[in-house]
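Colleague: Please work out how this folds:
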Amino acid sequence: MLPITVRLHVAVLFVTARVEARLGHVRDEEGQTSAEYALVLLGAATVALLIALWAKNTDKVGGLLDAIFDKVTGLAP
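Modeller: The predicted model follows:
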């Protein structure tokens, strides 16, 4: 899955560079912060989705929680 996200990121960078080259004379940066914020949220959501899919297909999270609960209940008097 990771190579697909890398390819998507490179494609977005390429498109952004092409748009900047065509619209280089337009320097209106109003709303740029909002757009950057939206892109960061999109990236975070993508990473969260990939982690959720990985956790769904493996038993690593369940094993980790079991180990934590076993350790905590073993420490209780």
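Colleague: tally of neighbours for residue 46?
Modeller: 14 (other CB atoms under 10 Å). Just so you know, the C-beta spots here come from the backbone N, C-alpha and C atoms, and that holds for glycine as well.
Colleague: what helix or strand is it on?
Modeller: helix 32-57 (DSSP states H and E).
Colleague: Centre of the chain to the helix or strand just after that helix, how far?
Modeller: Proceeding N to C from helix 32-57, the next assigned helix or strand is helix 60-75, under DSSP H and E. Relative to the centre of its chain, helix 60-75 is centred 27 Å away, using CA atoms, centre = their mean, to the nearest Å.
Colleague: Please work out the average pLDDT along helix 60-75.
Modeller: For helix 60-75, the mean per-residue pLDDT is 87.
Colleague: now swap in stretch 33-52 and tell me
Modeller: 88.
Colleague: can I have that stretch written out in PDB, keeping just the CAs?
Modeller: Taking Å, rounded to 0.1, in the frame of the first residue of the first chain, the C-alpha atoms of stretch 33-52 are listed here in PDB:
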ATOM      1  CA  THR A  33      -3.300  28.400   4.600                       C
ATOM      2  CA  SER A  34      -6.800  26.700   4.400                       C
ATOM      3  CA  ALA A  35      -5.700  24.700   1.500                       C
ATOM      4  CA  GLU A  36      -2.500  23.500   3.300                       C
ATOM      5  CA  TYR A  37      -4.600  22.700   6.400                       C
ATOM      6  CA  ALA A  38      -6.900  20.600   4.200                       C
ATOM      7  CA  LEU A  39      -4.000  18.700   2.600                       C
ATOM      8  CA  VAL A  40      -2.500  18.000   6.000                       C
ATOM      9  CA  LEU A  41      -5.900  16.600   7.300                       C
ATOM     10  CA  LEU A  42      -6.200  14.500   4.100                       C
ATOM     11  CA  GLY A  43      -2.700  13.100   4.700                       C
ATOM     12  CA  ALA A  44      -3.500  12.300   8.300                       C
ATOM     13  CA  ALA A  45      -6.700  10.700   7.400                       C
ATOM     14  CA  THR A  46      -4.900   8.500   4.800                       C
ATOM     15  CA  VAL A  47      -2.300   7.400   7.300                       C
ATOM     16  CA  ALA A  48      -5.100   6.600   9.900                       C
ATOM     17  CA  LEU A  49      -7.000   4.600   7.200                       C
ATOM     18  CA  LEU A  50      -3.800   2.600   6.400                       C
ATOM     19  CA  ILE A  51      -3.200   1.900  10.000                       C
ATOM     20  CA  ALA A  52      -6.800   0.900  10.600                       C
END
